[in-house]
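Asker: structure for this input, please:
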Amino acid sequence: MSASADTRLARALDAGPPTGGWFLYGDAVRLRDEGAKALVEAALDPATRDFNFDQFRAEDVSGEQLASTLAMPPMMAERRVVTVRDAERLSPSARKVLQEASGALPEDVVLVVTATIPKGSRAAFYRELKSNCTAIEWSAPRTAEIPGWLRDRARRRWGVELSPRVAQAIAGAVGEDLSRLDAELEKLAGLGADEITLENVDALIPRTRRIDRWTWLDLVANRDYGAALRTLDDLLTSERGVGLVAGLVEHHLLLGLATGGGASVVRETLTRTGRGYLSWKADAYAKQARRWTAEAIERALRRMHRADRHLKSGGTDRGVLTELLLALERDRRAAP
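Answerer: Numbers count the residues shown, from 1 in each chain. Just a heads-up that it's a prediction; the model follows:
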């Protein structure tokens, strides 16, 4: 996922100037190409940049040209840098040259290759690049991770703060395309404010939905089932029932942790189980947990698992989720 890609690259750059081959791939082109630029800047001596930097678009370079460029030593510098963008468009001869060269690079040459690997591709070309180079993939995070990724990206790259509600609003308005999300962050950062508000988001990012999945999950977690039911049709224009129920199950399991130990236990557990991407919302889980008992959460989870089975056996999204919300509301009213 992109969050780990950003972290891996940052750690590599912190360790010193890059060496060897680097293969950056994935669908988040804007972020991937930014990573390639950071590698180039870290590897080159600014004073001799013009003599030691060659960059090629895949469709414009021949195998012969690529081979001769990779064989050239640096001039008056420790390293020479060669970049190849969009390697999926290379000719067969250029692919062969790059594949072979990536496994036998001179110590003073840094190779940076970017690509969007075609879905389902099993080409040996990509496997060899991953094996021969330091390979980093920029791909979309899990849906639940996106607001957390937005908050981290806004702070680290654009120097602005996003509250959880604002991050959820941006994710709900834009979707899961990381390149577009980052472009919207850049636009918001251009306002010059230290912290972005919901009003800023509404003014600059067109919203096609009245509610996003994260706000809807919060409604259910806050036991406001009436509001969740009223907004369900709008939500289902962009979400699938199975995904929403899976989100509810994960959310309520975290509520269960919060009922027993508060936000700190939630954070510790998420980190230990490799789901630190949800830690940004630990305080919200703890606040929502005050509306629950352990018994009520257990009952709700049983209903959600039943709803999941109904969806997977052919039940309609609207019908199953409506039945689930009504059952949860009956449980809430029946509680002492």
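Asker: helices or strands next to the top helix by length along the chain in the packing?
Answerer: In the chain, with assignment by DSSP state H, the single longest helix is helix 241-272. Judged by 3 or more Cβ pairs under 8 Å, 6 or more residues apart in numbering; DSSP states H and E, the packing partners of helix 241-272 are helix 213-221, helix 282-289, helix 294-312, helix 317-334. Using the backbone N, CA and C atoms, a C-beta is placed for each residue, glycine as well.
Asker: residues touching residue 107, list them.
Answerer: Shown in contact with residue 107 (Cβ atoms under 8 Å, 6 or more residues apart in numbering): residue 19.
Asker: where does it land in three-state SS?
Answerer: Put simply, residue 107 is coil when judged by DSSP: H, G, I helix; E, B strand; the rest coil.
Asker: tell me the helix or strand right after the helix or strand residue 168 falls within.
Answerer: For residue 168, the host element (DSSP states H and E) is helix 164-174. Using DSSP H and E, the helix or strand that directly follows helix 164-174 along the chain is helix 178-189.
Asker: enumerate the positions of the helix or strand just after that next one that are buried.
Answerer: Using DSSP H and E, the helix or strand that follows helix 178-189 in sequence is helix 198-204. By neighbour count on 16 or more other Cβ atoms under 10 Å, the buried set for helix 198-204 is 200-201.
Asker: ok now helix 198-204, how far from the chain's centre?
Answerer: Distance of helix 198-204 from the chain centroid (Cα atoms, centre = their mean, to the nearest Å) equals 22 Å.
Asker: near the closest residue in space to residue 180 that isn't next to it in sequence, how many other residues are there?
Answerer: In space, and not counting its chain neighbours, residue 180 is closest to residue 174: 5.6 Å by Cβ to Cβ, 6 or more residues apart in numbering. Using other Cβ atoms under 10 Å, residue 174 has 22 neighbouring residues.
Asker: same thing with residue 135?
Answerer: 16.
Asker: distance check, it against residue 267.
Answerer: Going from residue 135 to residue 267 by Cβ to Cβ, to the nearest Å gives 31 Å.
Asker: domain parsing for the protein?
Answerer: 2-137, 143-204, 213-334 (automatic domain parsing).
Asker: where among these is average confidence lowest?
Answerer: Ranked by mean pLDDT, the domains of the chain bottom out at domain 143-204, which scores a mean of 89.
Asker: measure that domain end to end?
Answerer: 23 Å (Cα to Cα, to the nearest Å).
Asker: tell me which residue lies nearest the centroid of the protein.
Answerer: For the chain, the residue nearest the mean C-alpha position is residue 141 (3.0 Å; Cα atoms, centre = their mean).
Asker: okay, and it sits in which element?
Answerer: Judged by DSSP H and E, residue 141 forms part of no helix or strand.
Asker: next, it: phi, psi?
Answerer: phi -70, psi 170 (degrees, to the nearest 10).
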